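Visitor: sequence-free structure coming up:
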């Protein structure tokens, strides 16, 4: 096998495909978890408690972080390769070719937006939840409230009570939507599981997955924005 | 018809090139693009100027020699044809046509619109063949081949190796060309024998020559004069990965 995953173009792309697949599955799981918020904040807090600083959650976090890091580092390596391969002299006139999606040509830009959003998300939530527990604390102060490390529902209500956070997250979800409309079918193509019969099906699947993820996350953020009141936050913190 | 032509002029591989503008007049709508270029060159020669160098050979759309990037399209705005098979009726009278050479690090410009595409030959030499003993001609029907497989192989074999795929690709990737060559042989029993070695050595040569990595935009199949499908790239990926996993 030598190291075709690091020294051949198709091997490097396979790494992008596998890590991408793993990240899509994680995002689907995360989205399903968030939906609990719509039905029962208590159920959402129970999930947060289950996924605290336990050994299994920590192990999963490390694997997840590794997945993100590998996907991102490989994206940069491949992009630098591609930039070189394109040559210094560029075309003066270019067109958008028929059937070529905008997202497919802007995956790195979209990926950078996704990573920036992820940074914001980690500051908003992870640093107030799992990180607090890892540091041996139990609570942190957010927006004037003392929020426990497993009080995810209250934290979400506080964060999304601010309109600008909702807007930032929607922009982030939109970047993820564009990234996945190309990424999901592309991972099948790279792994070799595609043909002319399956392209329309795979592209349809990619649109469905991307849209489900967008709507699943966006609906929770908007729901929190619309229902969040200081009284509700207080009652969630007492619970 | 009259046209203004904005053409890339470059003396040789080492010189700095630039666009120059020319005018061609009284061109019949049924003139082919290369004939229009011939008329321009005739005018330039009569005016004592250097004619524009461009690649061409069969002018029947089968050799893959013509290679211009016209108004942002490899082989021009017509679908599924090479430059030589495109006619001036495709363009608006009085319009400006921008003509550039293929732009890809692996295809350096030699002069004007002519680029060095020997990188594709090197990839072919790395494995785009089958090894057979030269003997008496075997019976063509001795090995039964399903019609669907033969058709798919022929579709891939339609590739003329013109370089439009790598020239169009934003990543300068030659995957569609390599995939077409690997796929046309992989679908036939004669080609399967060396399938694993072929996929590995052609991909290795492609990487070595500095072509980029495919990101599945599909721009290559949109601009390919032979409409080669990216489904062949999926097959190349399968062939290559299966071969590597067996190592």
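Guide: Sure, I can see it. Everything numeric in this text was worked out from a predicted model, so none of it was measured.

Visitor: Number of residues surrounding residue B:6?
Guide: For residue B:6, the neighbour count with other CB atoms under 10 Å in any protein chain shown is 16. Any C-beta I mention is one placed from the backbone N, CA and C, and that applies to glycine too.

Visitor: brain fart, residue B:125
Guide: Around residue B:125 there are 13 other residues, counting by other CB under 10 Å.

Visitor: Apart from its chain neighbours, what residue comes closest to it?
Guide: Among residues not flanking residue B:125 along the chain, residue B:205 sits closest, at 7.9 Å (CB to CB, 6 or more residues apart in numbering or on different chains).

Visitor: quick one: the helices in chain A?
Guide: Under the criterion DSSP state H, helices of chain A are mapped to A:4-7, A:9-39, A:41-50, A:55-86, A:102-105, A:107-124, A:130-134, A:152-159, A:163-191, A:198-227, A:230-238.

Visitor: From residue B:162, how far out is residue B:85?
Guide: Counting by CB to CB, to the nearest Å, the gap between residue B:85 and residue B:162 amounts to 12 Å.

Visitor: For the lengthiest helix in chain B, name the packing helices and strands.
Guide: Under DSSP H, the helix in chain B containing the largest number of residues is helix B:231-246. Other elements packing on helix B:231-246 under the criterion 3 or more CB pairs under 8 Å, 6 or more residues apart in numbering or on different chains; DSSP states H and E are helix A:9-39, helix A:163-191, helix B:175-186, helix B:195-208.

Visitor: so how far is it from its chain's centroid?
Guide: Chain-centre distance of helix B:231-246: 22 Å, with CA atoms, centre = their mean, to the nearest Å.

Visitor: Using TSV, please lay out the helices of chain A together with mean pLDDT and distance to chain B.
Guide: Formatted as TSV, the helices of chain A follow (pLDDT from 0 to 100; distance: least, CB to the nearest CB, whole Å):
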stretch	mean pLDDT	distance to chain B
helix A:4-7	92	5
helix A:9-39	97	4
helix A:41-50	93	36
helix A:55-86	96	3
helix A:102-105	96	4
helix A:107-124	97	6
helix A:130-134	91	34
helix A:152-159	96	35
helix A:163-191	98	4
helix A:198-227	98	7
helix A:230-238	92	44
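
Visitor: Of those, which stretch is the most buried?
Guide: Of all these, helix A:152-159 carries the top mean neighbour count, a mean of 25, counting by mean count of other CB atoms under 10 Å in any protein chain shown.

Visitor: That one relative to helix A:230-238, how many degrees between them?
Guide: Angle, helix A:152-159 to helix A:230-238, by axes from the mean of the first three to the mean of the last three CA atoms, to 10 degrees: 150 degrees.

Visitor: List the contacts of helix A:152-159.
Guide: A:37, A:41-42, A:44-45, A:47-48, A:124-125, A:128-129, A:142-143, A:145, A:147-148, A:165, A:220, A:224, A:227-228, A:232-233, A:236-237 (CB atoms under 8 Å, 6 or more residues apart in numbering or on different chains).
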